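J.: Take this sequence and fold it.
(chains A and B)
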Amino acid sequence: MKCLIAALLSILALTATAHAQDSMPPAPYAYQQLDDPGQEEQAQALMETLRCLKCQSQSIADSDAPMAGDMRHQVRSRIAAGEEPEAIRAWLIDRYGDYVSYDPKISETTWPLFAIPLILALVAGLLLWRRIGRKKGAAT
Amino acid sequence: MSRWRLFVPLGIFSLFVGLAAYQLSQPKDEFVESAMVGEQLPQFDLRPAFASLPGAATADFTDGNPKLLNIWASWCIPCISEAPQLERLQASGVEIVGIAIRDRPEDVARFLASYGNPYVRIGADDLSEVQLEIGSSGVPETFVIDGEGKITYQHIGDIRPGDVPVLLDKLREAGE
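T.: A predicted model of the protein is given here:
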């Protein structure tokens, strides 16, 4: 029986540590909206296109991770201070690379993402045009 | 149309399946590397994380000696497992400056009493501001800073015994 209790306790301890997180209150602007609705709208739009670094499939607007809260605080307080959203995005890209942004820009590494669909559409169009053209030619 | 051309779509399809299968079998790299390596340390001046040690500021990194900047927290479990390695680094004469993320003085004191104190100073980063400034995406992370305050190397995750010689090498390189 003692063994069982000890085993249960150790499992409890393990699950407790797996969820280890700080006990500090969230940053002031983590959950608090800006007073100016226009600024809040700008902040919200930006936050939805910034990647949470701790929970990489979510935007910082979607995440409850403390670090995402701290990032929202940065975004909101910088926008409240009059900074442009794209300047804040650039500030983060300078630190974490393109990876942090969900709004990919054409660059040396990302151009194939934009070019390949265009090329494929062109090739498909060309093939279709040739086929249809040929059939019409055969019919007349 | 010759017969072999009928197999072209199948070939392309198999290529895609093969590529997807290969990518799925590769371990996922979740590390986000800092783009600040090679850059100057950003400006900061943090209050002490607990009473017995001074806080940390950019100015502390410009005295000519390379140092380690360790981003950690008392609530971070991997930080416990890297504590012995930090002590070994300290024993080798390395100055380690800590930055405690979202931490309370009493928790910092308790952590250091339990797992040892390898730090010369610890700054408190309550809103992860310095962490974001230097492009760190989690705890623990360790940066090598040269004597002029330039970031020369980033180690992501806890320091394992095998990483200690690597960090010592990087510190030596930063001092040259």
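J.: wait, what's in contact with the closest residue to residue B:120 other than its chain neighbours?
T.: Spatial nearest neighbour of residue B:120, excluding adjacent residues (CB to CB, 6 or more residues apart in numbering or on different chains): residue B:95 at 5.2 Å. (Glycine included, C-beta is placed from N, CA and C.) Counting by CB atoms under 8 Å, 6 or more residues apart in numbering or on different chains, residue B:95 touches B:65, B:67-68, B:120.
J.: Please pick the buried ones from these.
T.: B:67-68, B:120 (16 or more other CB atoms under 10 Å in any protein chain shown).
J.: model confidence over stretch B:113-122, on average?
T.: Across stretch B:113-122, pLDDT averages out at 96.
J.: just stretch A:128-140 next, same as before
T.: 75.
J.: and residue B:98, that one's in a strand?
T.: Yes. Per DSSP: H, G, I helix; E, B strand; the rest coil, residue B:98 lies within a strand segment.
J.: what residue lies at the spatial centre of chain A?
T.: Nearest to the mean C-alpha position of chain A, by CA atoms, centre = their mean, lies residue A:51 at 2.9 Å.
J.: was I right about that residue contacting residue A:98?
T.: No. Judged on CB atoms under 8 Å, residue A:51 makes no contact with residue A:98 at a distance of 10.0 Å.
J.: Check which element follows the helix-or-strand element of chain A with minimal mean pLDDT along the chain.
T.: Across the helices and strands of chain A, mean pLDDT, DSSP states H and E gives its lowest value to helix A:2-18, namely a mean of 53. Following helix A:2-18 in sequence order, the next helix or strand is helix A:37-47 (DSSP states H and E).
J.: I'd like to know which elements that next one is packed against.
T.: Packing partners of helix A:37-47 (3 or more CB pairs under 8 Å, 6 or more residues apart in numbering or on different chains; DSSP states H and E): helix A:66-80, helix A:85-96.
J.: What ranges does chain B have for its helices?
T.: B:8-25, B:77-91, B:105-115, B:129-133, B:163-175 (DSSP state H).
J.: ranking those helices by burial, who's on top?
T.: helix B:129-133 (a mean of 21; mean count of other CB atoms under 10 Å in any protein chain shown).
J.: and chain A, what are its domains?
T.: A:26-103, A:106-140 (automatic domain parsing).
J.: on that earlier part again, is it possible to get TSV of the helices and strands packed on helix A:37-47 that adds mean pLDDT and mean neighbour count?
T.: Below are the helices and strands packed on helix A:37-47 laid out as TSV (pLDDT from 0 to 100; neighbours: other CB atoms under 10 Å in any protein chain shown):
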stretch	mean pLDDT	mean neighbour count
helix A:66-80	96	23
helix A:85-96	96	17
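J.: of all these, which lies closest to residue A:110?
T.: Residue A:110 lies closest, by CB to CB, to one member of these: helix A:85-96, at 12.1 Å.
J.: Wondering if that closest one reaches chain B at all.
T.: Yes. Helix A:85-96 reaches chain B (CB under 8 Å from any CB of the partner chain) through A:92-96.
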